[in-house]
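[1] Sequence and predicted structure below; questions after.
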Amino acid sequence: MALTEPRLLPLTVGLLGDWGSGKSSLMRITRQELLKIRDGEKLPSRYVCVEFSPWQYEDYDDVKVALMTTVLDAVGQRVAPDEQEHVSRLRRFAQGFGRWGRRGGRVAVAGAQTAAPFVIQAMDPSIDPQVLDVTKAAVNAVASEANKLLEDPKTKQAASGNDTAEAIADAGRFRAEFAKVVMTLEDVDAVVVFIDDLDRCLPETVVDTFEAIRLFLNTPKTAYVMAANQAVVESAIDSRYPQLRRPDGAGIGADYLEKMLQLKVAIPPLAAPEADTYVNLLLAELRLDNEQFAKVLDETRRRREAGNLQVAFNVGVAGEVLGNVPDDLVRDLNWAASIAQVLGGGLRGNPRQLKRFLNNLLLKHRSAQRRKIALDLPVLAKLMVLEEQHFSDFQRLFDWQLTSPGPIPELAAAEAIARAGATISEPNNERDTPRPDENETADGSSGARRSPAGKRGRRASQQPPVAEDVRAWADKSHVRAWLGLEPPLGELDLRPYFTYSRDKLAFGVAVTRLPPHLQELLTRVQTEVAGARRLACDEIAKLPDDERAQLVEALVEVLTRRPGGPAFVAALELAERAPDTLSGICDALMRIPPAAVPPAQAGNAVRRLPANHPTVSTLLDQWENSDVPGLRTMISTAREAQRLSGRR
């Protein structure tokens with residue numbers, strides 16, 4: 001590994017990957033491997049390993065000081081007694097470096113004490129002198145408390161006047177002294193600092209961490225391993241230095257990282273066999289005792305050394321290692337195998353997502369068991385993948401379920417579309433290619449026996465027509481991939497499964513009280529097919545007043561719970577086509593926080609709704625005066641275009 005190559009030091013390594021990709025685990029494994037490198041069984045490791053999380057110090061201290069002190073503490077444990085004074089001097093410099101910030105704070109407080117009375121008097125020259133005196137006293141009291149917090153901590157040596165050693169005055173001197181101390185560690189090959197959670201930090205903390213390494217700690221025999229999400233860190237650097245953006249708007253984050261990191265290690269997502277192995281090991285850890293699980297881990301490591309193209313642990317391997325596999329583990333590994341495609345394909349090989357998904361899956365299943373509700377784990381897993389990855393499509397599936405007392409006809413139709421698409425996309429598949437036989441002429445003339453593909457084509461042609469909104473839903477690439485996963489769900493009653501997602505689904509009292517024909521109309525008006533949506537709006541406009549009021553109330557409830565969903569477009573079109581619904585829909589839109597309003601759709605409100613209506617004007621003013629830049633710009637631009645159009 002690069003960390004054990006002396007010629008590469010000093011070295012800064014970037015361990016880069018998405019959140020949950022396993023960066024922290026890989027750092028922990030690397031640290032454990034380094035600590036095993038010794039000259040003898042009882043001697044300490046040849047590497048000083050330091051763990052540091054800048055995220056933990058954001059609210060408490062200067063991150064540079066915290067990092068410097070943490071490294072010095074670890075080095076101080078390995079230096080010879082006659083070198084301890086050098087380490088103490090370095091510590092005092094670090095503490096003094098932190099005091100520079102406190103001194104700046106004291107200057108600012110003193111300035112506030114002097115300036116505050118003058119500022120107050122300038123704002124109101126007629127202010128009563130007694131009030132001004134009271135204000136001065138209050139400011140001085142607050143300043144006194146602030147100065148106490150900003151006081152420099154005194155070291156014992158400084159307090160006693162015994163600090164006779166030459167002071168370290170600047171960053172260059174500190175780095176030189178630190179390098180000398182590290183080089184005195186004859187039994188140490190390198191000081192390796194593992195920095196985690198960098199992508200959780202504020203921009204100032206991210207930059208300060210890099211600066212501490214560059215200015216103070218980057219010396220021979222040192223290495224720094226930094227785990228981070230590259231895009232997040234680049235964005236933090238860009239926001240820290242906005243004035244350095246290029247003319248095209250690009251920031252310096254990528255170039256900054258390129259300069260700081262001499263080596264980048266990208267963590268790829270788990271391959272399908274690796275994801276299967278990981279899930280199976282998580283289940284084994286639940287069911288086996290420590291000794292059994294240790295045997296399983298040893299065998300898994302041995303198999304992985306031979307390659308990652310096969311599952312390294314499953315029920316067969318468990319039988320070889322343990323002999324008698326517990327029944328609970330056999331059952332768990334069997335259902336895990338049935339959902340392997342769902343987990344690997346739907347969760348993109350992210351270890352943290354896999355573990356979280358598995359925990360949620362087991363929690364829901366056990367909760368259902370306690371309530372005597374039978375849920376099939378593969379079915380539950382497939383639904384949960386759609387829920388977690390594409391919630392709006394999961395909501396659409398639930399909307400269809402609301403209008404069906406059992407299996408969902410729209411889902412069965414969508415699965416048929418996905419199957420037909422799969423058949424069409426495989427023209428070279430021998431199983432789907434008609435072949436002549438003894439009852440069939442080469443040109444397919446009379447007497448030919450129909451091939452399986454021909455039978456499927458005939459069945460497809462005999463299927464009833466599919467609604468446009470169902471076809472549009474099934475034609476989405478991610479939905480089509482999801483529909484192709486096992487098991488098929490079109491013939492199943494999924495109502496018990498939706499019970500465990502009711503905290504997120506939009507189905508309030510107003511929705512569930514609708515009669516079936518209004519529930520069906522509510523679903524159609526939220527379709528993504530523009531023609532079908534407008535047709536539903538026209539049908540709603542023709543409803544009796546009481547039924548239209550019920551449906552609008554339900555639509556408004558869906559809209560306020562999921563403002564970014566299809567209900568937003570439906571509400572605007574309904575307000576346009578049924579003017580008596582306008583005020584109620586605008587009132588609902590005003591209750592939505594501006595940050596949750598989709599700017600692209602909000603512009604349609606300017607074009608569709610009557611500008612001279614007082615409620616519409618109030619709604620648009622609220623959006624245009626909001627603190628959301630995208631929304632504010634969209635409404636302002638659309639209104640200006642509307643005004644220019646009216647002048648022509």
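    Alright, I've got the coordinates. Residues are numbered from 1 along each chain as shown.

[2] Strands of the protein, start to end?
    With DSSP state E as the definition, the chain shows strands at residue ranges 11-16, 47-52, 190-195, 222-228, 263-266.

[3] For Ala638, find the nearest of those.
    Nearest of those to Ala638, taken as CB to CB: strand 222-228 at 39.9 Å. (C-beta placed from N, C-alpha, C; glycine too.)

[4] still on that earlier bit, nearest to Ala596 among the strands of the chain would be which one?
    Of all the strands of the chain, strand 222-228 sits nearest to Ala596, with 29.8 Å by CB to CB.

[5] who's in contact with Ile585?
    By CB atoms under 8 Å, 6 or more residues apart in numbering, Ile585 lies in contact with 552, 555-556, 559, 571-572, 574-575.

[6] TSV for these, including distance to Arg495?
    Conversion of the contacts of Ile585 to TSV gives the following (distance: CB to CB, whole Å):
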residue	distance to Arg495
Val552	26
Leu555	23
Val556	25
Leu559	24
Ala571	27
Leu572	31
Leu574	28
Ala575	33
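
[7] For the strands of the chain, give me CSV that also has distance to Val296.
    Below are the strands of the chain laid out as CSV (distance: least, CB to CB, whole Å):
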stretch, distance to Val296
strand 11-16, 27
strand 47-52, 28
strand 190-195, 28
strand 222-228, 28
strand 263-266, 28
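
[8] Reformat those strands as a markdown table; add mean pLDDT.
    Formatted as a markdown table, the strands of the chain follow (pLDDT from 0 to 100):
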| stretch | mean pLDDT |
| --- | --- |
| strand 11-16 | 86 |
| strand 47-52 | 88 |
| strand 190-195 | 89 |
| strand 222-228 | 88 |
| strand 263-266 | 85 |
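
[9] out of those, which comes closest to Ala294?
    Among these, strand 47-52 sits nearest to Ala294 (CB to CB), with 24.1 Å.

[10] Please identify the buried residues of the closest one?
    47-50, 52 (16 or more other CB atoms under 10 Å).

[11] And His478, how far from Leu485?
    From His478 across to Leu485, the span is 11 Å (CB to CB, to the nearest Å).

[12] do you know how far Leu297 is from Pro629?
    In terms of CB to CB, Leu297 sits 52 Å off from Pro629.

[13] ok, those two, which is more surrounded?
    Ranked by neighbour count (other CB atoms under 10 Å), Leu297 and Pro629 place Leu297 first, with 15 against 9.

[14] Next, the contact list for the closest residue to Gln230 other than its chain neighbours, please.
    Residue nearest to Gln230 in three dimensions, not counting chain neighbours: Leu16, with 4.5 Å by CB to CB, 6 or more residues apart in numbering. Contact analysis of Leu16 by CB under 8 Å, 6+ apart lists 23, 228-230, 264-267.

[15] if we can go back for a sec, just name the closest of the buried residues of strand 47-52 to Asp196, please.
    Phe52 (7.6 Å).

[16] follow-up on the earlier one: list just the nearest of the contacts of Ile585 to Ile195.
    Nearest to Ile195, judged by CB to CB, of the contacts of Ile585 is Leu559 at 45.3 Å.

[17] hmm, back to that, and His478 and Leu485? Which one has more around it.
    Leu485 (19 against 12).

[18] For Ser88, see how far away the residue lying closest to Leu322 once chain neighbours are set aside is.
    Leaving aside its sequence neighbours, Leu322 sits nearest to Gln292 (CB to CB, 6+ apart; 6.0 Å). Using CB to CB, we find Gln292 at a distance of 50 Å from Ser88.

[19] Equivalent analysis for Asp255, please.
    For Asp255 relative to Ser88 (CB to CB), the value is 38 Å.

[20] Likewise for Val525?
    Val525 is 74 Å from Ser88, by CB to CB.

[21] now swap in Gly17 and tell me
    To Ser88, Gly17 is 39 Å away according to CB to CB.

[22] okay, those two: which has more neighbours?
    Shown here are Gly17 and Ser88; by other CB under 10 Å, Gly17 has more neighbours (21 against 16).

[23] shouldn't that one be in contact with Ser25?
    No - with contact defined as CB atoms under 8 Å, Gly17 does not reach Ser25; the gap is 10.6 Å.

[24] residues contacting Asp197?
    Residues in contact with Asp197, defined by CB under 8 Å, 6+ apart, are 53-56, 227.

[25] Make a ChimeraX selection of whichever of the residues you listed turn out to be buried.
    Under the burial definition 16+ other CB under 10 Å, those of the contacts of Asp197 that qualify are selected in ChimeraX by:
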select :53,54,55,227
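
[26] Please convert the contacts of Asp197 to a markdown table, extending it with distance to Val315.
    What follows is the contacts of Asp197, written out as a markdown table (distance: CB to CB, whole Å):
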| residue | distance to Val315 |
| --- | --- |
| Ser53 | 39 |
| Pro54 | 44 |
| Trp55 | 40 |
| Gln56 | 42 |
| Ala227 | 34 |
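
[27] Out of the contacts of Asp197, show me where the pLDDT dips lowest.
    Lowest pLDDT of those: Gln56, 81.

[28] can you tell me how far that residue sits from Pro220?
    Distance from Gln56 to Pro220, counting by CB to CB: 28 Å.

[29] Give the phi and psi angles for the nearest residue to Thr499 once chain neighbours are set aside, as a check.
    Leaving aside its sequence neighbours, Thr499 sits nearest to Ile373 (CB to CB, 6+ apart; 7.6 Å). Dihedral angles of Ile373 (phi, psi; degrees, to the nearest 10) stand at phi -110, psi 130.

[30] What degree of burial does Ile373 show, as a neighbour count?
    Counted with other CB under 10 Å, residues neighbouring Ile373 total 13.

[31] pretty sure it is touching Arg495, no?
    No - contact criterion CB under 8 Å: Ile373 and Arg495 do not qualify, at 10.5 Å.
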